[in-house]
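>>> here's my sequence, what's the structure:
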Amino acid sequence: MTDTVTPVRVLFVCMGNICRSPTAEGVFRALVRAEGLAGSIEIDSAGTHDYHIGHPPDARAQAAAARRGYDLSALRARQVAHGDFAAFDYVLAMDEHNRRLLLQQCPPRHRDRIRLFLDFAEYGARREVPDPYYGGPQGFDEVLDLVESGARGLLRHIKKINIIN
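Next up, the predicted model:
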């Protein structure tokens, strides 16, 4: 008989799922893979709105990520589904507005799964990942700085809580 471990499931959420949450998915996926934990942690991203369903991440997000070695090109936007609240252990909003939207949709028994992503960040007092969509390219680099910190802290938390090596 072999022991099977149920993977930890993480969902990153922003508004349209083309800037912040796919960036978080790509960064966290790369970090998890580098740690040899790809079979232990499942990762996805979604948006609270249906603006960009089926579209790839914003070209500026992809370019900023590529400069740091992350490939977001295969990702496609989707909207949060009702079943996501039961399916994912962590439903991580990029900002307070989207966290509130998730709490409104979520069945009460799963609300404890919804948190702000930057609650796991290693440093800084920022609680929200700002939306870079209407700004210049420097906003996408700032998002990456915040996401990299949050991803490292999240992985450390998951490894500690779930005893994943």
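>>> what about V10, is that helix, strand or coil?
Assigned with DSSP: H, G, I helix; E, B strand; the rest coil, V10 falls in the strand class.
>>> report the buried residues of the helix or strand bottoming out on mean pLDDT in the chain.
One helix or strand of the chain scores below all others by mean pLDDT, DSSP states H and E: helix 137-162, with a mean of 94. Applying a neighbour-count criterion of 16 or more other CB atoms under 10 Å, one finds 139-144, 146-155, 158-159 buried in helix 137-162. Using the backbone N, CA and C atoms, a C-beta is placed for each residue, glycine as well.
>>> and for stretch 77-86?
Buried, per 16+ other CB under 10 Å, within stretch 77-86: 77-80, 84-85.
>>> out of these, the closest to G16 would be?
Within the buried residues of stretch 77-86, proximity to G16 (CB to CB) peaks at A77, which comes in at 6.5 Å.
>>> that older thread, list the helices and strands the least confident helix or strand of the chain packs on?
strand 8-14, helix 20-34, helix 59-67, strand 90-93 (3 or more CB pairs under 8 Å, 6 or more residues apart in numbering; DSSP states H and E).
>>> will you turn those into CSV that also has mean pLDDT, distance to L118 and mean neighbour count?
Converted to CSV, these look like this (pLDDT from 0 to 100; distance: least, CB to CB, whole Å; neighbours: other CB atoms under 10 Å):
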stretch, mean pLDDT, distance to L118, mean neighbour count
strand 8-14, 98, 11, 25
helix 20-34, 98, 10, 24
helix 59-67, 97, 17, 18
strand 90-93, 98, 9, 25
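>>> surely G39 touches P7?
Yes. Under the criterion of CB atoms under 8 Å, G39 makes contact with P7 at 7.0 Å.
>>> of those two, who's got more company?
P7 (16 against 9; other CB atoms under 10 Å).
>>> skipping adjacent residues, who's closest to the more buried one in space?
Spatial nearest neighbour of P7, excluding adjacent residues (CB to CB, 6 or more residues apart in numbering): E42 at 4.8 Å.
>>> pull the distance from stretch 86-96 to the chain's centre.
How far stretch 86-96 lies from its chain's middle: 8 Å, per CA atoms, centre = their mean, to the nearest Å.
>>> in PDB, list the C-alpha atoms belonging to it.
What follows is stretch 86-96 as a C-alpha-only set of coordinates in PDB (Å, rounded to 0.1, in the frame of the first residue of the first chain):
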ATOM      1  CA  ALA A  86     -14.400  24.100  -2.300                       C
ATOM      2  CA  ALA A  87     -11.700  23.000  -4.700                       C
ATOM      3  CA  PHE A  88      -8.900  25.300  -3.600                       C
ATOM      4  CA  ASP A  89      -7.300  25.400  -0.200                       C
ATOM      5  CA  TYR A  90      -6.100  29.000  -0.700                       C
ATOM      6  CA  VAL A  91      -8.100  31.600  -2.700                       C
ATOM      7  CA  LEU A  92      -5.700  34.600  -2.700                       C
ATOM      8  CA  ALA A  93      -7.000  38.000  -3.800                       C
ATOM      9  CA  MET A  94      -4.600  40.500  -5.100                       C
ATOM     10  CA  ASP A  95      -6.400  43.400  -3.400                       C
ATOM     11  CA  GLU A  96      -9.100  44.200  -0.900                       C
END
